[in-house]
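S.K.: Sequence plus predicted model, see below.
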Amino acid sequence: MATLTAPRYPTTLEVLDRAATLCGIEPRYPFLERRLIEHCVAQPAAAKFHDGMTRALLRDAVRGLLPDEVRLRTSKTNFTPNVRARMLTSWGDNLNRIAGCNPGRIGDYVDLAVIREGIQRLRAGEPDQPALLQTMRAVVLDEWLRGGSSALAPRPRQKDPRMSALQSLRPALRTAYGLAVRSDIDLPELEPLPGDGAADLTVRRGALPELPGEGGFRTRFAPERAELWWQTVGTFRVEPGLVTASPHAGVSEDLVAYPLLGSVLALALEQLGLFTIHASAVSVGGHGVVMMGDKGAGKSTTATAMIRAGHPLIADDIVAVDEGFRLRPGFPQVKLSPAAAAAFDAPDAVHRPTVPEVPEKCRVLLPERFARGATPLKRIYRLERAPAGTEPAVISVSPIEALPLALRFAYVTRFGAEALNGAAGARHLRQAAAIAASGVLHRVIVPHALDRLPEVVALIERDAGAAA
């Protein structure tokens, strides 16, 4: 009787009634009918639990009404698939926000790394019940902190008005890497170009077949033609001055932009005679400084620190060097990890909505911190992480050592020797050798401790200034 009169029952009923009212439902609770409860309480214990089974009265009452595999089962049905589907469809905005660059106040109350891991498992179809409940509680907390009327009723995403203005602007031409770009696919990352003249690079939609082969990413190369296929996005064909895009049905333009402004654009720039490096670049006193390195070397972290120190962005991810040893201005966007993006709190930065299929990358527009116009190349730094206690340092690299590094970090290298066929391969090698012989390539030792990053910034400033 103490259990039946415990306060949790009326509290639970109040919560359920309120939730049902918000959904336009009037609930009924047949198992709480008074006469039924009095009958059950009056039964001896043996009538309620026998043959190792609970709820014996109920199981006997529905004999012949339910199949025995249902009537006699000892576990509850698995609600996880239905709950997962509902969370993905109704709480998508909350999940994207928590997993993205600007999670908001919820980061003060929960371990975001743990919640984000749960969201990844939820999206991959691998959630266990504890992770599912943990994610559900995080979404409810997020909605409450944002002042939502109900965590069960998704609210429309609140867009940055600056981003809305950019998206509503659909100029005939945009610009990237000193090129006039005309695109069927909206690319708000690229700055608008006045007028409606001839384009150096055209991006058009067109029907392309899936490339033969195995795996989620496939390529095919021929002289002056490159074809790429992503299982999650679609097919792209790159020819001099022309990119044809054939995304899968239902794929958003935001997702199409990831390969289009990455590997596809890098190959297009190579076909137009530019040498591309997988790196980031900033302008230090009007001189181009490039930062390249292996994954985890701190490229984005160091580049972001340089931008915060007042050095404008030239390009992120793809750095393009022309034959005059100038860095072409890419477009004013950086891609950062959620942690790095959250730490980048510059008031003029525009944090774009996270693309659900790529939650590990956050896109930040920096139109006020962008170097427009070609910038003379002064330094290419190969960043190297050092053990704790190591002092930051700049170390010169001989031309013999520099050539393998220039080839290794060239963007096109990721596609293998097949991409460098015919005259393109010879030109690429000449460009890499010229960069190696110029003496611009140096190594920078970067300590692991983030609190020493200002020392690295000051070191690069001094070295690049002296080089100027």
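M.R.: In hand now; what should we look at?

S.K.: Tell me who's in contact with the nearest residue to residue 110 once chain neighbours are set aside.
M.R.: Nearest non-adjacent residue to residue 110, counting by Cβ to Cβ, 6 or more residues apart in numbering: residue 138, 5.7 Å away. All C-beta atoms are positioned from the backbone trio N, CA, C, and that covers glycine. By Cβ atoms under 8 Å, 6 or more residues apart in numbering, the contact list for residue 138 reads 98, 106, 110, 115, 118.

S.K.: again, only this time at 10 Å
M.R.: Residue 138 makes contact with 94-95, 98, 103, 106, 109-112, 114-116, 118-119 under the criterion Cβ atoms under 10 Å, 6 or more residues apart in numbering.

S.K.: any idea of the pLDDT on it?
M.R.: Here the pLDDT value assigned to residue 138 is 89.

S.K.: Kindly report the same for residue 61.
M.R.: On pLDDT, residue 61 comes in at 86.

S.K.: would you list every one of the helices in the stretch 1-150 of the chain?
M.R.: With DSSP state H, counting those that start in this stretch, the ranges of helices along the stretch 1-150 of the chain come out as 8-22, 34-42, 45-48, 56-61, 68-71, 80-90, 92-99, 112-123, 129-145.

S.K.: Point out where this protein drops to low pLDDT.
M.R.: The chain contains residues with pLDDT under 70 at 1-3, 22, 127, 148-171, 466-468.

S.K.: distance of the spatially most central residue of it from residue 317?
M.R.: Centroid-nearest residue in the chain: residue 361, 2.5 Å away (criterion: Cα atoms, centre = their mean). For residue 361, the distance to residue 317 equals 10 Å [Cβ to Cβ, to the nearest Å].

S.K.: sorry, back to before: quick one: residues contacting the residue nearest to the centre of the chain.
M.R.: 100, 101, 258, 335, 336, 337, 338, 341, 354, 355.

S.K.: So which of those residues is the closest to residue 307?
M.R.: The closest of those to residue 307 turns out to be residue 336 (Cβ to Cβ; 10.7 Å).

S.K.: who's in contact with that closest one?
M.R.: Counting by Cβ under 10 Å, 6+ apart, residue 336 makes contact with 101, 300-301, 303-304, 316, 342-344, 351, 361-364.

S.K.: what do you get for residue 256?
M.R.: 185-187, 203, 205, 230, 233-234, 236, 245-248, 264, 355.

S.K.: Count the neighbours of residue 300 for me.
M.R.: 19 (other Cβ atoms under 10 Å).

S.K.: Likewise for residue 231?
M.R.: Residues lying near residue 231 (other Cβ under 10 Å) number 11.

S.K.: Please report phi then psi for the closest residue in space to it that isn't next to it in sequence.
M.R.: Nearest residue to residue 231 in three dimensions, chain neighbours excluded: residue 216, at 3.9 Å (Cβ to Cβ, 6+ apart). Reported as degrees, to the nearest 10, the phi and psi values for residue 216 are phi -80, psi -10.

S.K.: go on, residue 277?
M.R.: For residue 277, the backbone dihedrals (degrees, to the nearest 10) come out as phi -120, psi 140.

S.K.: And residue 336, by the same measure?
M.R.: Note on residue 336: backbone dihedrals following degrees, to the nearest 10 are phi -130, psi 160.

S.K.: This completes my enquiry, with thanks.
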